[in-house]
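Novice: Just a sequence and a predicted model for now, questions to come.
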Amino acid sequence: MTGGMLEEVPCAVCGNDDADRLWEMDTFGYGASVLRRCRRCGLLYYSPRLSELALERVYSGTSEAYDYTQDLCELNYTARRARRCIKLIRKFSDVSTTIRLLDVGCGFSFFLLVAKQHGWEAVGVEPAKPVANFAREQFGLQIIASDFENAELEEASFDVVMFHHVLEHLRHPKWALCKANHLLRSGGLLVLSLPNAASLPARLAGREWICFGELHLHHFTPMTLSHLLKLCGFKPIHIETHHGRILWDSARVAANALSKLGLKSGASKMRGRRELSRRAMAIKCAFRFASLMVWMPLLPFVWLCYRLGFGPDLWICARKESSVDCVGRYPH
Ligand SMILES: [Zn+2]
């Protein structure tokens, strides 16, 4: 252990601590976390992993407010996701009037803005205070600056609750989904988007996959997530996958393949570090570009696989089927 910065945990879904060890990753200089696969339910999770204290320190260094509207690339990517989300909610929500929606971990609140434009009543929860304040002051949105566990919200008061690339960051995803169940009215809709650990890039790129490591504490597949949803009183009603950043993913897959042939870029050793030397960055970029050229001819096949459910960007809609009574104390 590194001064209380790492903690060992059992599986967050079934509580079992019998898991296969997959590989180690450096975590922001706090030591090695280990990715494991639960032998009982198949969940991928890190143990040891960053402790609550370490997570607070890492997030406090990465949560400064900035004007994301100046970042056109990110804005375009976010807008595409927002359109997808609106489409899913319109298709699967049974509300024909004003939808009351909660966005957990709303970040800079782009989706809340879009929801507001649709005439919906949208509320956000965002733990990073500078980010929450920026979005509240700039756009006049209703945002609670708090962790989801401490956010005071009325029971059964929402038609839709969404977690947009948030669940995999939470220390207690099961508890969070139970709280979402508590906040949704009967028949309410849960919308989740997150990285797909069963996707083609994840399977082929292995530890080079962009979503392994970073600040993710768990990795879900359609199967493990559906299992967790049922435990939390939800019935999965729709699953779809998409490409994330297809060229970036492709480069990662090719990088892994070339690494296995002995052509190592050193990229995997660098992951998790905050800063790279200029030389290391140049080598990394050149290696990725070369890898991409190798991978390009396979792109039509990749696109087809994504349409068949092996895409890296996983979306699940689930309906509240029953109430669960496990929203007690937050399990620190
Ligand atoms: Zn398990």
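Specialist: Arrived safely, thanks for sending. If you're wondering where the values come from, they're calculated on a predicted model, not measured in any experiment.
Novice: Only C-alpha atoms from now on, for both contacts and neighbour counts.
Specialist: Will do.
Novice: Tell me who's in contact with the residue in the stretch 51-200 of the chain positioned nearest to the ion.
Specialist: The nearest approach of the stretch 51-200 of the chain to the ion comes at Lys174, 11.4 Å away (Cα to the ion). By Cα atoms under 8 Å, 6 or more residues apart in numbering, the contact set of Lys174 is 12-13, 228, 232.
Novice: try 10 Å this time
Specialist: When contacts are counted by Cα atoms under 10 Å, 6 or more residues apart in numbering, Lys174 is found next to 12-14, 167, 180, 228-229, 231-232, 326-327.
Novice: Can you name the next helix or strand after the helix or strand containing it?
Specialist: For Lys174, the host element (DSSP states H and E) is helix 173-183. Following helix 173-183 in sequence order, the next helix or strand is strand 184-195 (DSSP H and E).
Novice: If you average the pLDDT over that next one, what comes out?
Specialist: In this model, strand 184-195 has an average pLDDT of 95.
Novice: Show me what it is packed against.
Specialist: If contacts are counted by 3 or more Cα pairs under 10 Å, 6 or more residues apart in numbering; DSSP states H and E, strand 184-195 sits against helix 72-92, strand 100-104, strand 158-164, helix 173-183, strand 234-242, strand 313-320.
Novice: May I have the strands that pair with that strand, each with its orientation?
Specialist: Partner strands for strand 184-195, per DSSP bridges, with pairing direction: strand 158-164 (parallel), strand 313-320 (antiparallel).
Novice: can you put those strands in JSON lines and add distance to the ion, mean neighbour count and mean pLDDT?
Specialist: Output for the strands paired with strand 184-195, formatted as JSON lines (distance: least, Cα to the ion, whole Å; neighbours: other Cα atoms under 10 Å; pLDDT from 0 to 100):
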{"stretch": "strand 158-164", "distance to the ion": "21", "mean neighbour count": "23", "mean pLDDT": "96"}
{"stretch": "strand 313-320", "distance to the ion": "20", "mean neighbour count": "23", "mean pLDDT": "95"}
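Novice: Looking at the ones you listed, which is nearest to Val131?
Specialist: Nearest to Val131 among the strands paired with strand 184-195 is strand 158-164 (15.9 Å), distances taken as Cα to Cα.
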